[in-house]
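1. below are the sequence and a predicted model for it; my questions follow.
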Protein chains: 2
Amino acid sequence: MSDSLHLYERIAAQLRGAIVSGEYRAEDMLPSENELARSYGASRVTIRRALGELENEGLVRALHGKGYFVEQPHHTNFTLDLRELRPGEVTRYRRITLDFPDEETRRALALGPESGRERVVSVWSVVERGEDVVACDEKYTKYERAQPTIEREINYVEFVDMFAERFPPVSIWVELSLSVEAAPERVAGELGCAAGTPMLVARKLIRSRSDERIGYSRRWYSPLYGALEARSGYYVTGRL
Amino acid sequence: MSDSLHLYERIAAQLRGAIVSGEYRAEDMLPSENELARSYGASRVTIRRALGELENEGLVRALHGKGYFVEQPHHTNFTLDLRELRPGEVTRYRRITLDFPDEETRRALALGPESGRERVVSVWSVVERGEDVVACDEKYTKYERAQPTIEREINYVEFVDMFAERFPPVSIWVELSLSVEAAPERVAGELGCAAGTPMLVARKLIRSRSDERIGYSRRWYSPLYGALEARSGYYVTGRL
DNA sequence: AAGTGGTCTAGACCACTTC
DNA sequence: AAGTGGTCTAGACCACTTT
């Protein structure tokens, strides 16, 4: 009884239990903050804190002037951890060049429509796990005079970190696109499989907070890489 | 000036701006709660609320007894919205059978090791968008006598909703696995492409809160479906 | 001992919803 | 008018960290 948890945690746990066990069902209204404060002998602030937890977890929704209602949950959101290097993997750089971007990269970085006047820095690398080459990266950024030396950049692991000196890292975000595609020859060569092998491709567009497109990358996952795993995020915090 | 925002939102926005603009850098310590309360002329509770927002956004981390520190952000987490039906798509049920599961499904549902004594309910459906068949689903659940009629179940859209009557929906979560595979004949037939066509496959294992394995599904995405899109979740809430 | 964040209270006032 | 959630305050006490 009354673990060593804090009051708001105990209250949250009790209400969570009542919801999870089915005592309250979807669309049901919980007792009001004042009622809960009375029945738990706690202040309204503490009750609100407990209810806030449940709201963050998506279990409950507060409607101003009406009350708290149990949410019908959706399990359609998944959190993918797509770090570039997992434990046991190493990056090996292949080549770094300054050249004219292909059509796809030009559009992603919103470069001049054609005529290929602008060049981009392109970094090619592969990911090795033991003996295997499990993925292959193409990374592109606009070429700028003020850019730090490429030699320094390749020491960064995550692509976004390459921009840390020019953009505050907190002001960056990434758009991701996953698809299946046949490996072109240059990729198949690196990964040691036949051209045309279907692969999972992850494209990342790195944008600054002011919506500037500052980087673009394609990662080709070899069949050896394995599946991408994720979980539907429902209980972000504690357990019942 | 001083928009019609609430005090805690204005304070959060100012601090967020100071971080995003680079005024505070990673690992820097913010002024203490008391200092902020003084300088903003607000109560400590309000300051805490503002800082709490930043903490939820991952911009800042509070260390007990030390202070608030600016976080070095990671852009490796992506949120995938993998709802079974997107706008403009419809589900068409193909067949519902009671049969012996294949090896993969048997292991996923932790059924008896072999000898195939236990049967599963399997629901086959395809997703259509206009003229195109863009995906194909195989869904499996253990067969139980107490199960509601299958005819009722097929009216549910999301797979997890099929279990709503037997398990409180809030006590369910889903494990997801994404990979590339050659379409077997039964799938290729439904999707109108050649057997062996490489496809994106999403496997879902539905678990109850008590870790029971209650459902398993495979979804095959036709090349017509398009890419899966996601965003690195950094700013969950408002704008600067 | 002094400073920091973490929990909690009692009460005020406001905005929204229902009757 | 009465009930609901939303914001905010001033102050208390505790736990942790640094000096």
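-> Yes, it's here. Residues are numbered from 1 along each chain as shown, chains lettered A, B, ... in the order given.

2. so where's chain A shaky on pLDDT?
-> Scanning chain A for pLDDT under 70 picks out A:1-4, A:113-116, A:145-155, A:168-170, A:233-240.

3. please identify the residue most distant from the middle of it.
-> Seen from the C-alpha centroid of chain A, the residue lying at the greatest distance (C-alpha atoms, centre = their mean) is A:Arg38, 41.8 Å away.

4. could you report the separation of it from chain B?
-> Counting by C-beta to the nearest C-beta, to the nearest Å, the gap from A:Arg38 to chain B is 22 Å. In short, each C-beta sits where N, CA and C put it, glycine included.

5. so is the helix or strand where that residue lies next to DNA strand D?
-> A:Arg38 belongs to helix A:33-40 when assigned by DSSP states H and E. Yes: counting by C-beta under 7 Å from any atom of the strand, DNA strand D is contacted by helix A:33-40 at A:33-35.

6. are any of those buried, and which?
-> A:Glu33 (16 or more other C-beta atoms under 10 Å in any protein chain shown).

7. just the closest of the residues of helix A:33-40 next to DNA strand D to B:Leu228, please.
-> Nearest to B:Leu228, judged by C-beta to C-beta, of the residues of helix A:33-40 next to DNA strand D is A:Glu33 at 40.4 Å.

8. the closest one and A:Leu51 touch, don't they?
-> Yes: using C-beta atoms under 8 Å, A:Glu33 is in contact with A:Leu51, at 7.1 Å.

9. what domains does the record give for chain A?
-> Structural domains annotated on chain A: A:7-70, A:80-223, as defined by automatic domain parsing.

10. can I get these in a markdown table including distance to B:Arg218?
-> Below are the domains of chain A laid out as a markdown table (distance: least, C-beta to C-beta, whole Å):
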| stretch | distance to B:Arg218 |
| --- | --- |
| domain A:7-70 | 26 |
| domain A:80-223 | 15 |
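
11. between the ones you listed, which one is closest to B:His75.
-> Proximity to B:His75 (C-beta to C-beta) singles out domain A:80-223 among the domains of chain A, at 4.7 Å.

12. chain center to the closest one, what's the gap?
-> Centroid displacement of domain A:80-223 relative to its chain, using C-alpha atoms, centre = their mean, to the nearest Å, is 16 Å.

13. in chain A, which spans are strands?
-> A:60-63, A:67-70, A:77-81, A:89-99, A:120-129, A:132-142, A:172-182, A:198-208, A:213-221, A:228-232 (DSSP state E).

14. nearest to chain B, out of those strands?
-> Closest to chain B of the strands of chain A, according to C-beta to the nearest C-beta: strand A:198-208, at 2.9 Å.

15. got the angle between that closest one and strand B:77-81?
-> Here the directions of strand A:198-208 and strand B:77-81 differ by 110 degrees (axes from the mean of the first three to the mean of the last three C-alpha atoms, to 10 degrees).

16. name the helices or strands packed onto strand A:198-208?
-> For strand A:198-208, the packing partners by 3 or more C-beta pairs under 8 Å, 6 or more residues apart in numbering or on different chains; DSSP states H and E come out as strand A:172-182, strand A:213-221, strand B:172-182.

17. one more time with 6 Å
-> strand A:172-182, strand A:213-221 (3 or more C-beta pairs under 6 Å, 6 or more residues apart in numbering or on different chains; DSSP states H and E).

18. and the angle for that strand with strand A:213-221?
-> Using the same axes, to 10 degrees: strand A:198-208 against strand A:213-221 is 160 degrees.

19. count the residues that sit near A:Arg16.
-> 23 (other C-beta atoms under 10 Å in any protein chain shown).

20. do you know how far it is from DNA strand C?
-> Separation of A:Arg16 from DNA strand C (C-beta to the nearest atom of the strand, to the nearest Å): 15 Å.

21. equivalent analysis for A:Glu131, please.
-> Counting by C-beta to the nearest atom of the strand - A:Glu131 and DNA strand C are separated by 46 Å.

22. can you report how many residues lie near that residue?
-> 6.

23. quick one, what contacts it?
-> Residues in contact with A:Glu131 (C-beta atoms under 6 Å, 6 or more residues apart in numbering or on different chains): none are found.

24. check the gap between it and chain B for me.
-> A:Glu131 is 21 Å from chain B, where distance means C-beta to the nearest C-beta.

25. got the residues of chain A near chain B?
-> For chain A, the contact set with chain B under C-beta under 6 Å from any C-beta of the partner chain comprises A:19-20, A:22, A:59, A:73, A:75-83, A:160, A:168-171, A:173-180, A:198, A:200, A:227-232, A:234.

26. give me the buried entries from these.
-> By 16+ other C-beta under 10 Å, the residues of chain A next to chain B give A:19-20, A:59, A:73, A:75, A:77-80, A:82, A:160, A:168-171, A:173-180, A:198, A:200, A:227-228, A:230-232, A:234 as buried.
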